[in-house]
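J.: The sequence and its predicted three-dimensional model are supplied below.
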Amino acid sequence: MHYPPVRQMVREAVEELGSPTTNVAVRDWIIGRYPDTNLGTIDAQRIVCTVNHPSRVHYSENRRARVCDDLRYDFLYRPAIGELEWCRPEKHGVWSIEEDEDGGFAICCDDGELVYPERREPTATPVEPAPKQARAAIPITQAQIDAANRLHARCPQWSSTDRAFEQLGERFPGWGRESCILKSAAINDLYSTNVFAIWRMAEHLMHVMADPPADEDDLAEAIASLPNAEGDAVAQRHWSFTSKILHFFVDGDRYPIYDSFCRIMVSYHLGPGGRVPDAGNPYRAFMANLERVRELSTIEASLRDLDRYMWLVGQYRDWLKKGDEAITNGELRGLFESEEAEAQADLRLLLPSAQ
């Protein structure tokens with residue numbers, strides 16, 4: 001009898017059993033339909049295909065940074081230990097696999113905190129490794145900031161989008177229903193922040209801004225905490241969307257843009273152990289860490305300048321490392337591949353270590 005790939009068996013099992021189901025039910029269905037299938041392989045492929053299982057990064061299919069939208073491998077969600085259901089981004093958030101500055105892999109939801117797999121217990125007495133030399137923090141130079149601003153000016157789509165948001169904020173300065181719909185839809189579409197319930201988010205934004213928290217540090221968490229359709233629970237937090245709403249329409253030098261490239265670059269500049277973590281509110285930690293980078297660097301730069309630098313150099317480093325496999329913004333890829341002498345000179349200034 002010819003058996004399909006085990007991951008396909010897992011999919012067939014959930015289709016037959018219905019969602020939600022359990023690990024045990026999936027295993028038993030596969031053994032009943034495909035006798036002699038290795039139990040360990042069933043467990044492994046179930047983990048491989050579960051977007052929020054931290055241990056999935058141990059397997060070759062998931063040993064690279066990517067958005068989890070590959071229907072071959074990214075179709076299950078684990079609501080609780082031992083339980084399974086179909087992954088629905090509009091319900092469960094947009095998951096990704098991220099590579100950190102040290103080359104480690106972790107899972108991440110909606111550009112939130114990285115979730116690493118639990119460390120496995122060793123089966124034998126390990127050899128004590130040589131102590132790892134701590135790397136010093138790396139300041140940003142004014143030359144890098146200036147180069148990033150010049151490169152930004154070479155990207156008409158990016159710079160035009162920034163100006164469009166400025167004009168939208170000027171023409172719709174308040175937080176009424178129409179203003180919130182336009183701002184939410186524009187941010188979500190042009191920055192791909194993966195808010196699927198955009199009308200509900202606009203209503204939520206309107207209510208939060210009508211009576212914002214007394215402490216402005218709590219404003220981001222209030223906006224990010226979108227209630228579910230019933231209005232009585234928060235399934236996920238939309239940090240990326242929130243940071244862009246606050247950056248473009250509230251205060252661009254108080255609220256930085258938060259995304260995976262910026263987060264990785266902050267870690268790069270502060271060095272191992274230099275970041276202040278905050279699992280409950282990763283955006284608050286990001287703001288504090290970015291301010292530490294700015295103080296370390298002693299540069300004349302607004303948060304918008306820092307954002308341009310972080311996003312540009314983050315994608316440039318990724319592109320240099322991975323080439324065509326890098327998930328690079330199309331306009332930036334054209335810039336990186338440009339043969340113009342001035343563009344290449346600024347890229348060398350942007351990332352001197354690449355030369």
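T.: Happy to help now that I have it.
J.: For stretch 225-237, buried residues please.
T.: Within stretch 225-237, the residues that qualify as buried are S225, L226, P227, Q236, R237, counting by 16 or more other C-beta atoms under 10 Å. Any C-beta I mention is one placed from the backbone N, CA and C, and that applies to glycine too.
J.: centre of the chain versus that stretch, how much separation?
T.: Put simply, stretch 225-237 sits 20 Å off its chain's centre (C-alpha atoms, centre = their mean, to the nearest Å).
J.: taking the mean pLDDT, what do you get for it?
T.: Model confidence over stretch 225-237, given as mean pLDDT, is 79.
J.: And for that stretch, what's in contact with it?
T.: The list of residues contacting stretch 225-237 from outside it, by C-beta atoms under 8 Å, 6 or more residues apart in numbering, reads 91-93, 109-110, 112, 195, 197, 200-201, 204, 221, 224, 238.
J.: In a markdown table, list those residues along with neighbour count.
T.: Shown next, in a markdown table, are the contacts of stretch 225-237 (neighbours: other C-beta atoms under 10 Å):
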| residue | neighbour count |
| --- | --- |
| K91 | 15 |
| H92 | 19 |
| G93 | 23 |
| C109 | 20 |
| D110 | 22 |
| G112 | 24 |
| V195 | 24 |
| A197 | 16 |
| R200 | 16 |
| M201 | 25 |
| H204 | 21 |
| E221 | 16 |
| A224 | 26 |
| H238 | 26 |
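J.: hmm, back to that, for T141, state which of the buried residues of stretch 225-237 is nearest.
T.: For these, the closest approach to T141 (C-beta to C-beta) belongs to R237, at 34.1 Å.
J.: Columns distance to W29 and secondary structure on top of the buried residues of stretch 225-237, output as TSV?
T.: Formatted as TSV, these follow (distance: C-beta to C-beta, whole Å; DSSP: H, G, I helix; E, B strand; the rest coil):
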residue	distance to W29	secondary structure
S225	38	strand
L226	35	strand
P227	36	strand
Q236	30	strand
R237	35	strand
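J.: Tell me which residues of the helix of greatest length in the chain come out buried.
T.: Scanning the chain for the helix with the most residues, using DSSP state H, yields helix 303-322. Of all the residues in helix 303-322, those buried under the rule 16+ other C-beta under 10 Å are 303-319.
J.: For it, name the packing helices and strands.
T.: helix 142-153, helix 239-249, helix 260-270, helix 282-297, helix 330-336, helix 341-350 (3 or more C-beta pairs under 8 Å, 6 or more residues apart in numbering; DSSP states H and E).
J.: okay, those, which one's buried deepest?
T.: helix 239-249 (a mean of 25; mean count of other C-beta atoms under 10 Å).
J.: what does it rub up against?
T.: 110-112, 162, 165-166, 168-169, 183-184, 187-188, 191, 193-195, 201, 205, 219-220, 223-224, 254-259, 282-283, 303-304, 307.
J.: Turn the helices and strands packed on helix 303-322 into CSV, including distance to W86.
T.: CSV is the format used below for these (distance: least, C-beta to C-beta, whole Å):
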stretch, distance to W86
helix 142-153, 40
helix 239-249, 24
helix 260-270, 25
helix 282-297, 27
helix 330-336, 31
helix 341-350, 42
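J.: The ones you listed: which one's closest to A13?
T.: Among the helices and strands packed on helix 303-322, helix 260-270 comes nearest to A13, with 32.7 Å by C-beta to C-beta.
J.: what does the longest helix of the chain rub up against?
T.: Contacts made with helix 303-322 from outside it, assessed by C-beta under 8 Å, 6+ apart, are listed as 65, 140, 144-145, 148-149, 151-152, 247, 252-257, 259-262, 264-266, 290, 293-294, 301, 326-329, 332-333, 336, 347, 350-351, 354.
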